[in-house]
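Trainee: Make a model of this:
(3 chains)
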Amino acid sequence: MNDRPAVLEIEGLNVELSISGRWVPALNQVNLAIHRGEALGLIGESGSGKSLTALSVPGLLPANARVTGGSIRLMGEELLGKTEQELNKLRSRSVALVFQNPTSYLNPVLTIGQQIAEIFEVSPELLGPARMSRREQRRLAREKAVEYLRLVKTPDPERIVRQYPFELSGGMQQRTVIAMGLVRRPHLVIADEITTALDVTVQAQILALLAELRRSIDMTLLLITHDMGIIAQLADSVAVMYSGSVIEYADARSLFRTPKHPYAKALLEAVPTLQSGDTIFRPIPGGIPAITDPPPGCRYHPRCSHAFAPCSVTVPAPVLPEAGRVVACHLYSAAS
Amino acid sequence: MTWMRRNKLAVAGLLIFAAILLMGAIAPYAISAAVVRNVQFANKLTAPDGAHWFGTDDYGRDLFSMVLLAANLDLRAALSVVAAAAAIGIVMGALAGFIDRLDEPLMRVTDIFLSIPSLVLAMAIASVLGRSIQNLSIALVIVSWPIYCRLMRGQVLTEKRKPYVRALTTLGVGHMRMIFRHIIPNTLAPVVARAPADVGLILITMAALSYIGFGPGPYVPEWGSLVAAGQAYIFQAPWLVIFPGAAIFLTSLSLNLVGDWARDAFDPRLRT
Amino acid sequence: MGFLAYVIKRLLLLGLVLLGVSIVVFFLLRGMPGVDPLAAYITPGLPISHDALNSLRKELHLEQPLPVQYYFYMAGLLHGDWGYSRTATQNVLPALLERLPATIELAVAAVLLSVLLGVPAGVIAALRKDRAADLAVRVVSITGISFPVFWLGIILQLVFFYYLGQLGLPHLPARGRVDELVALEYPLQPITGFYLIDGLVEGNMPFFLSALAHLVLPAFALSLISMASVVRIMRASMLEVLRQDYILLARSKGLPARVVVIRHALRNAITPVLTTAGTTLGILLGGAVVVETVFSWPGVGQLAAQGILNDDSVLVVGFTLFVAAMMVIVNLAVDVLYAIVDPRVRY
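Mentor: Just a heads-up that it's a prediction; the model follows:
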């Protein structure tokens, strides 16, 4: 959070999934806000709902999901309820998604250049204000593609532009997808587990790239990951998700120093560090609840070492224990 | 039972085929064979009516009886061809899949057979053997076994990597016993799933070849040759062509409906 | 590996298969137990002298052991001597080549039709999976393959030629490639042998139109055979592709649905359809024998059918080899096409 205007505001978002014919709640009252130039890290285990949250912003939820309440505002504009055409315009200009496994997200039969240049088809205004012929358009699109490939530090962009995805390494493919995202000069970049499929050295390069892009083009970033280390490196603020809700929100430093929610605490403790000299692993006992049969009350309470009476009865509402921090846990509720 | 409701088409197909099969089975008993030789020129080419449900042909014979008798012949031939081709193909395929030294040569052989369209090859074989339904059946068996062989081989190749095969080998189970007692029963399903649709295909191929001229003469009723015979009178007596052809169509359709379901049910890779 | 090396590799493989086919065919001609190889040369009812038989025996090297006979047979094949057909009253190969354009015109029209109708049907069925349109498409395609082609052809003739004609409505012709009167009045100089191409090239519109009209019914009958597989494969392939991640990314770029389906999905989904186009050609050639007979279409299939009636196994067997060779060529062309569409194959 900073003093600049909000780019993305998600308020009370509820999403349901259809499983074996039944609709079950998958996202419950998710609240998020990202401001201009900020990097928000969204962290949680697999199945916590991070990707669903990401996909609901540009309206790309899968066919078996539906939004049942809440509001998503981009630059103040309400997104829920927009038509497909309006959403398409949005996707091509304002929001860029970068996904996890670049190999499977690039079309194997089109060249890199073609896949980047497509964006200009939907939004030719990105090439410049003047009206131009198709040939001019194509030429300019090529140039822009090369320019952005250079921006993401791809070696030899003129050659890459003519190649097919399978001819590139994993790291280069991911840079391509990032370039595809940036070409449209979006207000928001959503990066969903973008380094999970890459090996460690490449991961470091991509993270360094993201850090630099934040500086050079003032990029606003929603960074989704399950890796605490990435959060520590890049994020300004952090939202922790568990089983479909945001259970803690704070700026990165505060969260790492003094996590409040027991789950957040356990997550941090579960990561072994070289300094701690630990030889014991401290995993969190149990597993995430199935969304078809969630525990009553706070969904974390079966695994929580601090659980007490109200935890198995009511879902804790988010409260502000201090300025700039939000927690959804009965330990901090005003009543207790 | 909900299975039945969800696969209405397949059930319908099964019922239709069962009905046709039944009619074909009892035909030689219910209808006197003399009908075929019962030439009554006075009665020839009459349109369908109460006495003759399908009308009469150019020899004055009741078309309905002819079509039913032909059902017997055609169904018996098609079923036996598929049974024989499947049996041969399954055994050969299992051998090819299991015994490495046999695999390469057998695959080349099936390659060759599969590179010639089945109708054409059947034509060539039957023309050399001589024109008769038996030779036609033999030709069709020769043409059809390679596909079953290929399918079975593929199945066996994956199956023999499974742990239970290795376990049985260490117990000293011999090749032949392994193939016939264990591997074939476990891998049969998707291969057999082809069979219903194949019967339909063989039926049509046989009728087509018999239409062109491989068929038995006018005294042995066969659907394809009935259509061929009727074509000469098509404008005056279209029923001669319509009914036998419709019989082939209906049988083939019902078999395809069942076969479609069988294929989806037994072959997970094709599931959409 | 490169494009050229890929093509050469395929060529060699297919050549081997062709060799195998020639062995099978030769066996049918000369090696079948209980069958006299000379029987095909004897017209029943027409007396033939012992001398003629003997010289024939010498010509065909029938005294030699089979492998030697095969050598002479292959030598003959490669020199263009595929034997003499008494049905065509000429040598087999020239007889077939003469009639080949007619069959190709028919087969190509059938394939085009099955693709033009089948691909959109499959795409629609995939996009509207499990809804009314999907079910309708599947039912229609199952019905399509259940039709015996020869019967369908006859029924088409009955409806579109006879009944329409009876009602005084414009009708489609049922026999031959072109109307005889039109051919007399507006003769065509055969260049390629393809009436449609020649007609257009020479600007002979009456001929062209008549040829086109004659092509409709037989091509449609023939196309049904492959159309069902085209629809099923297109649908399955499309469903598979639509599930892919790159489709999600394409949508996230804001591309309109039409572009996503055609440029991203279809281009990836169509390759299985192309390969089956190659294999269905084989079935089409088999079906051509029947369709050409029904519609009196003067192609190689009709000649082969006449050969059957005549017990002319030289012709029928030669036809088999011919068809196998054509399939090899088409399969090669499909492989090349595949390599063009999907760049990954070349490497």
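
Trainee: which stretches of the stretch 101-250 of chain A form strands?
Mentor: Here the stretch 101-250 of chain A has its strands, by DSSP state E, counting those that start in this stretch, at A:188-192, A:221-225, A:237-242, A:245-251.

Trainee: And those strands: which comes nearest chain C?
Mentor: Chain C sits nearest to strand A:188-192 of all the strands of the stretch 101-250 of chain A, at 9.2 Å, using Cβ to the nearest Cβ. Any C-beta I mention is one placed from the backbone N, CA and C, and that applies to glycine too.

Trainee: picking up where we left off before, out of the strands of the stretch 101-250 of chain A, which is closest to residue B:100?
Mentor: Closest of the strands of the stretch 101-250 of chain A to residue B:100 is strand A:188-192, at 46.8 Å (criterion: Cβ to Cβ).

Trainee: thinking again about what came up before, export the strands of the stretch 101-250 of chain A to a markdown table and append columns for mean neighbour count.
Mentor: Below are the strands of the stretch 101-250 of chain A laid out as a markdown table (neighbours: other Cβ atoms under 10 Å in any protein chain shown):
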| stretch | mean neighbour count |
| --- | --- |
| strand A:188-192 | 24 |
| strand A:221-225 | 25 |
| strand A:237-242 | 25 |
| strand A:245-251 | 25 |
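
Trainee: Put together JSON lines for the ones you listed, with distance to chain C and mean pLDDT on each row.
Mentor: Shown next, in JSON lines, are those (distance: least, Cβ to the nearest Cβ, whole Å; pLDDT from 0 to 100):
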{"stretch": "strand A:188-192", "distance to chain C": "9", "mean pLDDT": "90"}
{"stretch": "strand A:221-225", "distance to chain C": "14", "mean pLDDT": "91"}
{"stretch": "strand A:237-242", "distance to chain C": "21", "mean pLDDT": "91"}
{"stretch": "strand A:245-251", "distance to chain C": "23", "mean pLDDT": "89"}
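
Trainee: So which of those strands is nearest chain B?
Mentor: Ranking these by proximity to chain B (Cβ to the nearest Cβ) places strand A:188-192 first, at 27.7 Å.

Trainee: Given the closest one, what are its sheet partners and their directions?
Mentor: strand A:95-98 (parallel), strand A:221-225 (parallel) (DSSP bridges).

Trainee: residue ranges of the helices in the chain, please?
Mentor: With no chain named, the answer covers chain A. A:50-56, A:84-93, A:102-105, A:112-122, A:134-151, A:157-160, A:170-182, A:200-217, A:228-234, A:252-257, A:262-270 (DSSP state H).

Trainee: Wait, chain B was what I had in mind.
Mentor: With DSSP H as the criterion, chain B has helices at B:2-6, B:8-30, B:34-37, B:63-98, B:100-114, B:118-129, B:133-159, B:163-170, B:175-177, B:184-193, B:195-209, B:223-231, B:239-266.

Trainee: Minimum distance to residue A:184: which of these has it?
Mentor: Using Cβ to Cβ, the helices of chain B put helix B:239-266 closest to residue A:184, at 42.6 Å.

Trainee: Let me know whether that closest one sits next to chain C.
Mentor: Yes - using Cβ under 8 Å from any Cβ of the partner chain, helix B:239-266 reaches chain C at B:241, B:242, B:245, B:248, B:249, B:252, B:253, B:256, B:257, B:260.

Trainee: ok, now which ones touch the last one?
Mentor: Listed by Cβ atoms under 8 Å, 6 or more residues apart in numbering or on different chains, the contact partners of residue B:260 are B:9, B:10, B:197, C:142.

Trainee: Those: which two are farthest apart?
Mentor: B:9 and B:197 (13.4 Å).

Trainee: Show me which of the two is the more surrounded one.
Mentor: residue B:197 (22 against 18; other Cβ atoms under 10 Å in any protein chain shown).

Trainee: Look up the closest residue to the more buried one, ignoring the ones flanking it.
Mentor: residue B:259 (2.9 Å; Cβ to Cβ, 6 or more residues apart in numbering or on different chains).

Trainee: what bridges to the residue most central in space within chain A?
Mentor: Centroid-nearest residue in chain A: residue A:224, 3.6 Å away (criterion: Cα atoms, centre = their mean). Counting by DSSP bridges, residue A:224 forms beta bridges with residue A:42, residue A:192.

Trainee: Contact partners for it?
Mentor: By Cβ under 8 Å, 6+ apart, the neighbours of residue A:224 are A:41, A:42, A:43, A:50, A:51, A:53, A:54, A:190, A:191, A:192, A:193.

Trainee: Can you give the domain ranges for the chain?
Mentor: Answering for chain A, as no chain was given. A:105-183, A:271-332 (automatic domain parsing).

Trainee: Can you look at chain C instead?
Mentor: Taken from automatic domain parsing, chain C resolves into C:38-81, C:93-341.
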